[in-house]
Every structure is written in C-alpha cells, then in structure tokens.
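Generate a structure from the sequence data that follows.
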Amino acid sequence: MSENKPASPENKPAKARILVVDDQRNMRATTALLLRSAGYETVEAASGEEALTKIAERAVDVLLTDLKMEPMDGLSLLKKALEASPQTQVLVMTAYGSIETAVEAMRLGAYDYLTKPFKEEELLIRVQKSLERARLVSTVQALAGEFSERHGLSALVGRSAKMQELTARIVKVASSDATVLIEGESGTGKELVARALHTLSRRNVRPFVPVNCAAITESLLESELFGHARGAFTGAVRTRRGLFEEADGGTLFIDEVTETTPAFQTKLLRVLQDGEVRRVGESTALKVDVRTVAATNRNIEAEVNEKRFRQDLFYRLNVVPLAVPPLRARLEDVPLLAEHFLVRANQRNLRARRLTDEAVEHLMGYDFPGNVRELENLVEQAAALAETDDLTAADFPLRRSSSPEVRPVSGEVRSLADLVADAERSAIMAALDKSPHDLSTVAHNLNVSPTTLWRKMKRLGLKSP
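Next up is the predicted model:
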C-alpha cells in the first residue's frame, strides 16, 4: 500500500471512531493498523454479529465492512447497523467482480465503496470524506433543533440515501445567497426544503415569506409580490408593501412558479436581475436584498420547450437545482415518517397509539401518489378513528391502485400495464425458484433494490417465501 497520506493526524476530527469488519484476519488487521497510524480510534470485528455487538456497546462514526462474509454478509450488516445507528457512515470493501453488490450497498444507505486491493491514500481519503458527510448531517441536526419541531425538518431528513444526499446539498447551499429552484411532486415537502435553506442561512434572523402563485390570480399576484400605490387600481385605498419588501434581508419562497403567465414572468425576471422592485402605480424603484427560492411540481424544462415558461427566467432561477424525491422512491423512510406523524398525533390527542408491524408492512407496499402529505393524512386519520391503540393494516385504507392488478379474462384485450405486470411477475417467480429463501439474492439477480422487489411482489400479489 502507498505511504502517501492525504492529511496529517492533527487535521482529523477528534475521537473519530472506526469499526473495521472483515473475516480475513490479515486484511482486517492491516486496514485497522493504517487507520490507527492516521490518528483514528479503530476497533475490529471478525464477523457481522461481532460488529453489531460493538456498535451496541458504543456507536461508531464509520463502519468499514467487507461484503462477502459468513454467516452474516456485508449487506445484512449494513441494514442492521443503520437501523441501530442511522448516523454511522458505512464504507464497503469489495473485490473487482462484485461491483454490482457494492452499488446495491450504496442504494441501501452505504456512503461509498473501496475495491480490493486499495491503496492507503485511497482508504484515508474515503474515510475523511465519510466523516465530512457525517459532520454535515450533524450540522443539520444541531442547527435545526427548534426548527425541526416547528416546521417538521425531521420529516424531511430520512435514512434513505436520496434524502441524505438532499440534506447534504441543502447544508452546502444554505450558506450562500444563490437562487435555488426546487423541483418535486406535490406533497413531497418542497416548502420544508425552502424553510430549511432559510433556517440554516445567515438570513435566518430576517423573515421567511412564502407565496403560492397557483392560489392567486395574475392581477393580484403582481400587487402581492411588488406592492401597490394608493389609487393604483380600484380598491387600492392605501399604499401597500409587496412581499419582496416584506422579505427584505430574508428569503422569499415563490411556490408553483410555473403557474404564472409569460407577462408576469417578464416582470419577475427584471426584479431578480436588478434587485429592485417597483410598486404597481409608482415610478420609483426600491432596492431589496432578498434571497429567492422558487419551486414547481411540473417539469419546468418541458414548460420552457413548450414556450409556457420563459427560458431566461428559468436560467435565472435554476442557479442551484434541488430535486425532492417522491416517497415511492424512498419507501425505506415510510416507517420513520409514519412514527413521526403518529407521535405528533398522540401528543395532540393525548393518546398512546402504536404502529404494528402489519401496519408498517401494509404502508410500505403502497406507492403514495400523494407522497408525504398523503402518509401524514393517513396516519392522522388512523390515530383519530382506530378502535384500539394498536394500529393495524385495516386502519389504513389505501387507494385501489396499490392493490394487486386484476388480470383480465381470456379473450379480453390486454393493456400495456397488464403485459408489463405479467412480465414482471414471471421474472420474479423465475428468480424466486432459483433462490427461494434469499430475497437479497433475488433482488441482486433482478438488478433492483430489496425494497423495490418487496414493493413489486406486494403489488403483483406474490408472497414472500
């Protein structure tokens, strides 16, 4: 291994604790020795079971594990370790022929992977970066404690890799004044992202001002954002400040910006370019210091191509893009979110409702077209109407679209969805025949995540072996 080190031990975070897991003694001992010489507190484990015991005794900052181990392999250890310690950053070690498994590990929450044999410099750089990521996550939690309670940041920060990536990106961009464009389906939490950007910024002592363009007519929207002079139009009985002025020094969140007309977009573009706002009915421009965050639930590039949204305004808004994933793309966060919403409902209702395993399994088999907002409503409904404190699947009535598809009778015209469902069903059943007792292997052979496999089996009416 190389003798070059990316940083001296003095630059390493104090008390960074790393757990090295490998059933090959020489590899484990050599890796641990390199990390100790670089200034890290390092412990070793020869198996997944031993690693979980050490994590239970004392949390680790980084888990560095081999993937091919017995009886518990690296993927199983990864899932159990993150359940026990969600803040732990996981690095996986794999041979050249197992890159696909390493990628699967990253889908399950691993931060990165190392291909054996690796150089000392490569090892230390990956460890250093994983610790930097851990500090970013800690920053969110440390700076947003009060905000988490007031605005639901805990509903935004999930354990899934997609949400951890989004959180890290929020922290990076929050300290700047760059304009941000948030894209995501309705109900994914775009306003939560905007509030997080404001709360973690230097502007957090000034106002956060939201406006929903879809809820205001074009004529009123101009007055709402820019303000108006007395007598500017019928009903303007006094001079009124606009939301740009209200947000001076702070953040203006323009939600559903694609619902505006090209004429209004021209006026908005001028304000963003000049940093000046002119009230309706006045000729004097006022300087404003506002950070703009915009959001849309549409494909904004398609709107630009169809000439419904100005291209120059798109480029002005899209300085830093943030994409909020739909809930169906991070179903592993459903138990965490459901528990969060249930705790809030219990506090309001002075009850002690509990989610059963059956209820969680039922919810994770659903696609959630309404995303996090739909899940929140389902939990609140169940908490209000359930007959007992133990919430079961029956307490969560889901839309018919989440049920297994009904196959048509012989001779009936088959839809494309039916044909795709049959193809998926056949492929999964064939893979199950080859590995009937190992869903992780089945998922790997089908090149999907275990969560995706489980969801498809639920939708297609296939039972887990």
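
use CA for all of it now, contacts and neighbours both
Fine.

what about the strands in the stretch 301-450 of the chain?
Secondary structure of the stretch 301-450 of the chain (DSSP state E, counting those that start in this stretch): strands at 320-323, 354-355, 390-391.

Generate a markdown table for those strands, with mean neighbour count as supplementary columns.
Formatted as a markdown table, those follow (neighbours: other C-alpha atoms under 10 Å):
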| stretch | mean neighbour count |
| --- | --- |
| strand 320-323 | 16 |
| strand 354-355 | 18 |
| strand 390-391 | 18 |
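
what about those, which gets the closest to residue 300?
Closest approach to residue 300 among the strands of the stretch 301-450 of the chain is made by strand 320-323 (11.3 Å; C-alpha to C-alpha).

hmm, back to that, let me have the strands of the stretch 301-450 of the chain in a markdown table, extended by mean pLDDT and distance to residue 361.
Below are those laid out as a markdown table (pLDDT from 0 to 100; distance: least, C-alpha to C-alpha, whole Å):
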| stretch | mean pLDDT | distance to residue 361 |
| --- | --- | --- |
| strand 320-323 | 95 | 27 |
| strand 354-355 | 91 | 10 |
| strand 390-391 | 93 | 12 |
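
Nearest to residue 202, out of these?
Short answer: strand 320-323, nearest of those by C-alpha to C-alpha, at 17.6 Å.

Which residues does the closest one contact?
166, 169, 173, 178-184 (C-alpha atoms under 8 Å, 6 or more residues apart in numbering).

nearest to residue 251, of the residues you listed?
Of all those, residue 251 sits closest to residue 179, with 10.0 Å by C-alpha to C-alpha.

what residues are up against that closest one?
291-294, 316-320.

can you do 6 Å?
By C-alpha atoms under 6 Å, 6 or more residues apart in numbering, the contact set of residue 179 is 292-293, 317, 319.

of all the contacts of strand 320-323, which two lie farthest apart?
Farthest apart among the contacts of strand 320-323 by C-alpha to C-alpha are 178 and 184. That separation is 19.2 Å.

Please say which of the two ends up with more neighbours.
Higher neighbour count among residue 178 and residue 184: residue 184, with 18 against 15, using other C-alpha atoms under 10 Å.

re earlier: filter the contacts of strand 320-323 down to the ones in helices?
In helices, judged by DSSP state H, the following of the contacts of strand 320-323 are found: 166, 169, 173.

Which pLDDT value goes with the last one?
In this case it means residue 173. Per-residue confidence (pLDDT) for residue 173: 91.

what does the first one give?
On the pLDDT scale, residue 166 is placed at 89.

From residue 352, how far off is the residue nearest to residue 95 when sequence neighbours are not counted?
The shortest distance from residue 95 to any non-neighbouring residue, by C-alpha to C-alpha, 6 or more residues apart in numbering, is to residue 116 (5.1 Å). Separation of residue 116 from residue 352 (C-alpha to C-alpha, to the nearest Å) stands at 50 Å.

One more: residue 102?
From residue 102 over to residue 352 the distance is 41 Å, taken as C-alpha to C-alpha.

Between those two, which is the more surrounded one?
The residue with more neighbours, out of residue 102 and residue 352, is residue 102; 25 against 14, by other C-alpha under 10 Å.

Without its sequence neighbours, what residue ends up closest to that one?
Nearest non-adjacent residue to residue 102 (C-alpha to C-alpha, 6+ apart): residue 113, at 6.3 Å.

what about the one you found, which helix or strand?
strand 112-115 (DSSP states H and E).

So for the most centrally placed residue in the chain, what's the pLDDT?
Nearest to the geometric centre of the chain sits residue 163, at 2.0 Å (C-alpha atoms, centre = their mean). Model confidence at residue 163, given as pLDDT, is 85.

ok, and what's touching the one helix or strand it maps to?
Using DSSP H and E, the element containing residue 163 is helix 161-174. Residues outside helix 161-174 that contact it (C-alpha under 6 Å, 6+ apart): 109, 197, 200-201.

Between those residues, identify the one with the most neighbours.
Neighbour counts for the contacts of helix 161-174 peak at residue 197, which has 25 neighbours (criterion: other C-alpha under 10 Å).

how many neighbours does the closest residue to that residue other than its chain neighbours have?
Nearest non-adjacent residue to residue 197, counting by C-alpha to C-alpha, 6+ apart: residue 174, 4.8 Å away. By the criterion of other C-alpha under 10 Å, residue 174 has 19 neighbours.

Is it correct that residue 19 is in contact with residue 41?
No - look at residue 19 against residue 41 with C-alpha atoms under 6 Å: they stay out of range, at 8.7 Å.
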